[in-house]
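Participant: Sharing a model that was predicted from the sequence below.
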Amino acid sequence: MTYQETIWDDSPSLKSYTLSNFRTLPQIQKLSEETQFEMEVVGNVLPFKANNYVVEQLIDWNNIPNDPIFVLTFPQKGMLKPEHYEKMATALKNNLDKKEITNIANEIRLQLNPHPAGQMELNVPTLKDGTKLYGMQHKYKETCLFFPSQSQTCHAYCSFCFRWPQFVGMDEMKFAMQEGEQLVQYVREHPEISDVLFTGGDPMIMKAKIFSKYVDALIDAKLPNLKTIRIGTKALAYWPYKFLTDSDSQEMLDVFKKIIDNGLHLAFMAHFNHLNELSTDAVKNAIKAVRNTGAQIRTQSPLLAHINDDAEMWAKMWTKQVQLGCIPYYMFVVRDTGAQHYFGIPLVKAYQIFKKAYSSVSGLARTVRGPSMSATPGKVHVIGTANLNDQKVIVLRFLQGRNPDWVQVPFFAKYDENAIWLDDLKPALTDKFFFDEEMKNFKTTHPVEDYPES
Ligand code: SF4
């Protein structure tokens with residue numbers, strides 16, 4: 001593919017840039033050969049994908065290498081640990097063949113905890129007839145996640161994304177399901193489910209015709225327990241034209257309207273990592289178009305070093321979201337997978353950033369919750385720090401738990417300024433966390449994952 005600047009006034013078409021063609025971008029050619037090689041080394045292990053909207057409208061090329069959207073979408077040297085970087089760099093310098101490079105890449109990838117939070121072992125649901133539904137996950141009682149096979153990719157990739165194994169062809173680690181009927185059957189068999197979350201990849205990569213098939217199956221089944229359809233998506237940030245000028249944009253908006261006209265709530269879980277993603281006319285118009293269907297847009301993002309570890313930016317982003325009619329929903333902690341060493345923020349610091357941002361926005365933006373970890377036992381909220389019995393502690397609670405009884409019960413961990421994930425924390429005042437024993441006994445039958453990245 002050769003580079004061609006998009007005509008943004010017209011109906012733009014999506015052009016993707018990946019490892020195979022990123023060097024054709026004039027903006028990339030202006031970077032030093034050393035930087036381009038570093039990107040290539042990292043890009044051979046961790047997947048990356050940008051597009052013409054991200055490149056031309058979101059990234060400030062005068063602010064390289066610090067531009068947050070550049071770091072969000074293009075590989076950076078620090079995303080690989082030095083030993084992994086050296087291994088891949090040596091392989092490329094020695095011109096090893098494609099197969100050998102792939103083997104080295106897979107070897108490194110397997111050391112990056114490709115499936116955190118027990119997704120492969122604990123969250124896969126089963127129909128009453130014994131059929132395993134690998135394209136679904138059910139961890140929390142009320143919500144089941146559905147991974148349509150046609151939504152296993154995204155308009156661009158986030159460099160921190162925990163779904164990275166799906167994008168690099170590690171097929172056995174891919175969740176995907178083709179059959180809407182099995183989804184319907186599962187929701188019917190589980191009257192406790194009120195929400196179905198379409199996820200992926202990004203479900204808004206699907207054509208309206210395909211998405212509407214799944215939606216029609218749910219609507220036609222008239223499931224009394226189903227109240228809400230959620231769509232986890234980053235399309236507003238990465239390709240707003242999906243809802244503006246793409247050939248089936250109106251058809252997609254009509255599907256949204258249909259969901260609402262049939263008495264269901266449509267919750268659009270929009271993923272925005274930075275204020276800059278809310279700056280273009282395209283995104284503002286797309287938000288308007290989605291909201292005009294009656295859908296509610298809730299926003300979420302992880303807190304990420306090198307991209308958005310700045311309280312003032314979060315405060316401005318939440319305020320902007322409210323101004324545009326969106327509801328700030330979650331600040332997440334980066335998961336224990338992939339380049340966590342690069343993006344991770346210690347929990348105590350994450351709490352301080354959240355507190356500073358939260359205390360400087362109006363009440364309407366304080367719908368947001370965080371920092372929250374989607375860990376194996378559940379969604380754990382870092383509430384703050386305190387002194388108990390002369391001991392400094394971190395205070396936590398479950399927002400969601402594998403056992404619903406765990407929810408809202410405060411628990412305490414020893415104060416640790418370096419801990420970046422639940423596993424790093426040690427119980428304070430007791431030998432074990434109150435859920436440790438029960439967690440050990442959880443088996444496959446326990447229901448899913450609500451980490452609402454797209
Ligand atoms: S966070 Fe969402 S949009 Fe980003 S790469 Fe992951 S699945 Fe795709």
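Facilitator: Thanks, I have it.
Participant: show me what contacts the residue nearest to residue 112 when sequence neighbours are not counted?
Facilitator: Of all residues beyond its chain neighbours, the one nearest residue 112 is residue 338 (5.3 Å), with distances taken as CB to CB, 6 or more residues apart in numbering. In short, each C-beta sits where N, CA and C put it, glycine included. Taking CB atoms under 8 Å, 6 or more residues apart in numbering as the criterion, residue 338 is in contact with 46, 79, 112-113, 160-162, 164.
Participant: Out of those, which is nearest to the ligand?
Facilitator: Using CB to the nearest ligand atom, residue 161 is the member of the contacts of residue 338 that lies nearest the ligand, at 3.1 Å.
Participant: Give me the neighbour count for that closest one.
Facilitator: Neighbourhood size, residue 161 [other CB atoms under 10 Å]: 24.
Participant: is it fair to say it lies in a strand?
Facilitator: No: according to DSSP: H, G, I helix; E, B strand; the rest coil, the state of residue 161 is coil, so it is not within a strand.
Participant: What backbone torsions are found at it?
Facilitator: phi -60, psi 130 (degrees, to the nearest 10).
Participant: Can you give me the neighbour number for residue 82?
Facilitator: Residues lying near residue 82 (other CB under 10 Å) number 9.
Participant: which SS class is residue 336?
Facilitator: Here residue 336 is coil, with the state taken from three-state DSSP.
Participant: How many neighbouring residues does it have?
Facilitator: Residues contacting residue 336 under the criterion other CB under 10 Å number 21.
Participant: so how far is stretch 412-425 from its chain's centroid?
Facilitator: Distance, stretch centre to chain centre, for stretch 412-425: 23 Å (CA atoms, centre = their mean, to the nearest Å).
Participant: Can you show me the CA trace of the host helix or strand of residue 250 as PDB?
Facilitator: In this structure, residue 250 sits in helix 249-261 according to DSSP states H and E. Listed next in PDB are the C-alpha coordinates belonging to helix 249-261 (Å, rounded to 0.1, in the frame of the first residue of the first chain):
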ATOM      1  CA  SER A 249     -23.400   3.900   9.100                       C
ATOM      2  CA  GLN A 250     -27.100   4.700   9.000                       C
ATOM      3  CA  GLU A 251     -28.000   1.000   9.000                       C
ATOM      4  CA  MET A 252     -25.900   0.600  12.200                       C
ATOM      5  CA  LEU A 253     -27.600   3.500  13.900                       C
ATOM      6  CA  ASP A 254     -30.900   1.900  12.900                       C
ATOM      7  CA  VAL A 255     -29.900  -1.300  14.600                       C
ATOM      8  CA  PHE A 256     -29.200   0.800  17.800                       C
ATOM      9  CA  LYS A 257     -32.600   2.400  17.500                       C
ATOM     10  CA  LYS A 258     -34.300  -1.000  17.000                       C
ATOM     11  CA  ILE A 259     -32.700  -2.200  20.300                       C
ATOM     12  CA  ILE A 260     -34.200   0.700  22.100                       C
ATOM     13  CA  ASP A 261     -37.600   0.500  20.400                       C
END
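Participant: Quick one: name whatever helix or strand follows the helix-or-strand element of the chain with minimal mean pLDDT.
Facilitator: Here the helix or strand of the chain ranked lowest by mean pLDDT, DSSP states H and E is helix 119-122, holding a mean of 55. Tracing the chain past helix 119-122, the next element assigned as helix or strand by DSSP H and E is strand 136-137.
Participant: Name every strand pairing with the next helix or strand after that following strand and say which way it goes.
Facilitator: Along the chain past strand 136-137, the next helix or strand (assigned with DSSP H and E) turns out to be strand 143-146. Strand 143-146 pairs in its sheet with strand 136-137 (antiparallel), strand 195-198 (parallel), by DSSP bridges.
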